[in-house]
Every structure is written in C-alpha cells, then in structure tokens.
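Student: fold the following for me, if possible:
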Amino acid sequence: MNSGDHTYIWQATDWPSWRFDLATLAQSLADVSRAQGLLMGRLADVGMALRDQASLSALTEDVMKTSEIEGEQFNVESVRSSIARRLGVDIGALAPVDRHVEGVVEMVLDATANCNSTVTRDRLFGWHAALFPTGYSGLAKIKVDGWRDDASGPMQVVSGPIGRQRVHFEAPPADQLGFETDRFLAWANSPSNEPPLIKAGLAHLWFVTLHPFDDGNGRIARAIGDLFLTRADGNPQRFYSLSAQIQRERKAYYDILERTQKGTLDITGWLAWFLATLHRAVDRAQHTLDAVLAKTRFWQCWATTPLNERQVKLINRLLDGFEGKFTSSKWAAIAKCSPDTALRDINDLLARGVLRKTDAGGRSTHYELKDFADKE
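Tutor: Model prediction:
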C-alpha cells in the first residue's frame with residue numbers, strides 16, 4: 001500500500017479525514033448484527049438471574065483479557081468478586097480485591113454502564129488514574145493527571161518481550177496532543193453518519209493512534225471501543241468481550257494496527273478486521289451462555305446435597321472452566337486448607353457422585369465433575 005510521503009497516518013496532509021468503503025463492509029455489518037440478534041434472542045428467554053450471570057462472565061473475561069494483552073495477570077476470583085459486588089450479583093463468598101483490579105473494573109463498568117455519558121478529557125483522566133492508583137507503572141513513575149509529555153522520548157507502540165520488542169508505530173508528539181485529543185473528543189460526542197459499529201471500530205483506532213498517555217492506552221482504547229459498542233447494542237449489559245477475542249488474536253491485532261498506521265487514511269481493512277473479530281467474539285458468547293446454563297442446571301441438580309464452603313467454591317471453579325489438571329494439591333492451595341482436608345473434601349464428593357477420578361493414577365491423579373445427568 002502506498003502511503004505517500006508520510007510514515008504514519010497522522011502525518012498525512014489530510015489527517016484525520018478517515019475513509020472507508022461501506023459497500024465492502026456491508027456484509028460484515030449484517031453478519032455481526034445477525035449474530036448479536038441470535039445471542040440476544042437466547043438471552044431474552046433465560047430470565048433476569050441468568051442474564052446477570054452471563055453478563056458477569058462476559059465482564060470478568062473482559063477485565064482479565066484486556067489486562068493480559070498488556071502482560072498483566074489478575075486473579076480471576078478477585079475480578080469476579082469486584083464486578084459481582086458492583087452489579088449486586090450474588091456469587092456467595094467474595095474474594096479479596098486489590099486496588100489494581102478495582103481500577104480496571106471501575107473503568108470497564110463506567111464505559112459500559114454509563115455509555116451514553118459524554119466522553120470528556122476529565123473522564124479519560126479518571127480512567128487512567130484508576131488504572132494506575134499509585135502513579136507508577138511497574139517501577140516507573142508516570143503522569144496520571146494529564147497527557148504524556150514525551151520527556152523520555154517519542155511514544156512508540158511495541159510488542160514482545162524486553163530485548164526483542166517490535167516497534168509497530170510511533171504516535172504524534174506530545175505538543176500536538178491538546179489539539180488532537182480535542183478533535184477526537186468533539187467527534188466522539190457529536191452525531192455522525194457512520195453506522196454505530198463502524199464508529200466503535202474507528203473510535204478504537206483513533207485513540208490508539210493518538211496514544212495520549214504514558215501507559216494504559218491500549219486498555220483505554222478498548223474501553224472506548226466497548227463504550228461505543230454498548231451504545232450500538234442499546235443495552236448496558238455486556239454479554240460478549242471483544243477484548244478477550246483480541247487477546248486470542250493478539251498477533252493479528254498488532255499486525256493490522258501496524259499496517260493501518262503505515263498506510264493511508266482509507267481504513268476499510270482495519271474495519272473489516274474489527275467487524276470479523278467482533279463477530280467471533282459474539283459467536284463465542286454463545287458458548288459462555290451454554291456454560292452459564294450448564295452451571296445453573298448443575299446446582300439445580302445438586303441443590304439438596306449438603307456441601308461445605310470449600311466444596312462449593314472449588315466446584316464453582318471447575319464449572320467456570322478450570323485450566324489444567326485439578327489435583328488434590330491444587331484443591332488445598334485454592335481452598336487454603338491442609339492436604340488431608342482437601343482429600344477428605346474430594347473423597348466426600350467422589351462418594352456422593354459429584355466428582356469422578358480420571359484414569360491417570362499415582363501423582364497424575366486428578367479429578368473432574370461427573371456429568372450431572374448421570375446422577376441416579
């Protein structure tokens with residue numbers, strides 16, 4: 001693609017005159033809308049309580065994955081507890097939550113629950129401060145009450161481990177940010193001719209291009225995209241996670257960003273990728289809903305079985321999709337109990353038919369939930 005006499009799109013003489021071929025994108029828009037309609041149709045039939053659980057699952061995944069994209073790992077139970085408390089969803093005992101988890105949760109929920117509120121500079125500053133409550137990103141002191149100043153050099157978007165990082169593009173210099181962010185916010189808060197899903201994809205790209213903060217730009221860009229997706233859906237409850245899908249396709253995400261930044265202001269390719277990724281995120285939400293329904297049926301089946309708090313907690317971990325092999329030592333670590341207590345809990349569930357032992361023996365012994373349809 002010939003980008004003319006500039007290296008990055010923000011250097012183009014006609015910046016930011018975004019262009020796209022709506023006819024090329026029409027089928028993708030229709031496909032996404034159809035997938036959203038199918039999902040919402042299923043959700044309309046399951047009742048408020050299950051919709052709340054489905055939303056909790058989607059938001060938990062969103063918070064986890066938008067942070068994983070940036071290399072930050074959170075405890076899933078802490079994230080679920082923080083969101084559940086704020087949404088008023090009963091999940092039993094709540095896990096401890098640290099302020100870094102709370103900050104990301106605050107941003108994601110503000111972007112979605114308050115999607116129709118004006119996007120202002122102060123609101124973005126609030127999101128940024130919530131992401132970095134100590135004023136530090138790792139060991140580095142960063143500016144959290146304003147746009148970056150480029151004191152340490154130009155802002156570059158990179159990926160990969162330290163020492164083998166790849167520069168994807170360079171953002172506009174700091175002395176242009178006041179003007180550039182004002183222009184972005186004026187567009188974000190004004191009626192426009194773009195279809196709502198197109199505006200969501202453009203908002204994400206435009207903010208990423210500006211990269212106005214010292215750190216956290218990717219997470220805030222995805223939150224802005226979620227804000228406009230929520231407006232497009234017309235429903236503040238979230239049932240799918242675009243951030244989770246981007247995490248699954250992280251390399252493709254950085255590749256399309258790099259091509260777009262080094263191309264022209266015709267962003268049809270970026271929007272096609274955005275819509276296709278969104279479609280896959282909505283389709284995956286069908287599986288999340290399946291899991292929520294299966295979890296509900298499981299507890300309905302075992303409702304009269306007396307279980308202790310540790311057993312309920314660990315069963316829920318399995319129902320939520322525990323990764324890896326579930327052993328007695330992992331039970332003890334998660335439940336914070338002795339190995340003997342963990343083994344008693346497990347043997348009790350084996351005797352009741354809630355769990356079953358896998359074929360592997362010895363140190364490889366691990367356990368899984370028995371199909372509740374097998375309950376006699």
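Student: what residues are up against the spatially closest residue to Gln237 that is not a sequence neighbour?
Tutor: The shortest distance from Gln237 to any non-neighbouring residue, by CB to CB, 6 or more residues apart in numbering, is to Ser55 (4.6 Å). (Each C-beta comes from the backbone N, C-alpha and C, glycine too.) By CB atoms under 8 Å, 6 or more residues apart in numbering, the residues touching Ser55 are 87, 237-239.
Student: mind listing the helices for the stretch 101-250 of the chain?
Tutor: Taking DSSP state H, counting those that start in this stretch, the helices of the stretch 101-250 of the chain run over residues 121-131, 177-188, 196-210, 217-233, 242-248, 250-261.
Student: among those helices, which is nearest Asp283?
Tutor: Closest of these to Asp283 is helix 242-248, at 9.4 Å (criterion: CB to CB).
Student: elements contacting that closest one?
Tutor: Packing contacts for helix 242-248, counted by 3 or more CB pairs under 8 Å, 6 or more residues apart in numbering; DSSP states H and E, involve helix 48-68, helix 217-233, helix 268-301.
Student: turn these into a markdown table, columns for mean pLDDT and distance to Leu350.
Tutor: Output for the helices and strands packed on helix 242-248, formatted as a markdown table (pLDDT from 0 to 100; distance: least, CB to CB, whole Å):
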| stretch | mean pLDDT | distance to Leu350 |
| --- | --- | --- |
| helix 48-68 | 88 | 27 |
| helix 217-233 | 95 | 43 |
| helix 268-301 | 90 | 16 |
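Student: any chance of those in a markdown table, with distance to Ser117 too?
Tutor: Conversion of those to a markdown table gives the following (distance: least, CB to CB, whole Å):
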| stretch | distance to Ser117 |
| --- | --- |
| helix 48-68 | 18 |
| helix 217-233 | 9 |
| helix 268-301 | 23 |
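Student: export stretch 29-49 to CSV, keeping only CA atoms.
Tutor: Extracted C-alpha coordinates of stretch 29-49, given in CSV (Å, rounded to 0.1, in the frame of the first residue of the first chain):
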residue,chain,number,x,y,z
LEU,A,29,-22.1,-5.5,9.3
ALA,A,30,-25.1,-7.6,8.5
ASP,A,31,-23.4,-10.8,9.8
VAL,A,32,-22.5,-9.2,13.1
SER,A,33,-26.0,-7.8,13.5
ARG,A,34,-27.4,-11.2,12.9
ALA,A,35,-25.1,-12.9,15.4
GLN,A,36,-26.0,-10.2,18.0
GLY,A,37,-29.7,-10.8,17.3
LEU,A,38,-29.3,-14.6,17.8
LEU,A,39,-27.5,-14.1,21.1
MET,A,40,-30.0,-11.5,22.4
GLY,A,41,-32.8,-13.8,21.4
ARG,A,42,-31.5,-16.6,23.6
LEU,A,43,-30.8,-14.3,26.5
ALA,A,44,-34.4,-12.9,26.3
ASP,A,45,-35.7,-16.4,27.2
VAL,A,46,-33.5,-17.3,30.2
GLY,A,47,-34.6,-14.8,32.8
MET,A,48,-33.0,-12.0,34.7
ALA,A,49,-30.9,-14.0,37.1
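Student: contact partners of stretch 185-193?
Tutor: 118-121, 199, 203, 206, 224.
Student: any weak-confidence spans in the chain?
Tutor: 1-5, 91-96, 359-364, 372-376 (pLDDT under 70).
Student: domains for it, by residue range?
Tutor: Listed domain ranges for the chain are 9-293, 304-374 (source: automatic domain parsing).
Student: this completes my enquiry, with thanks.
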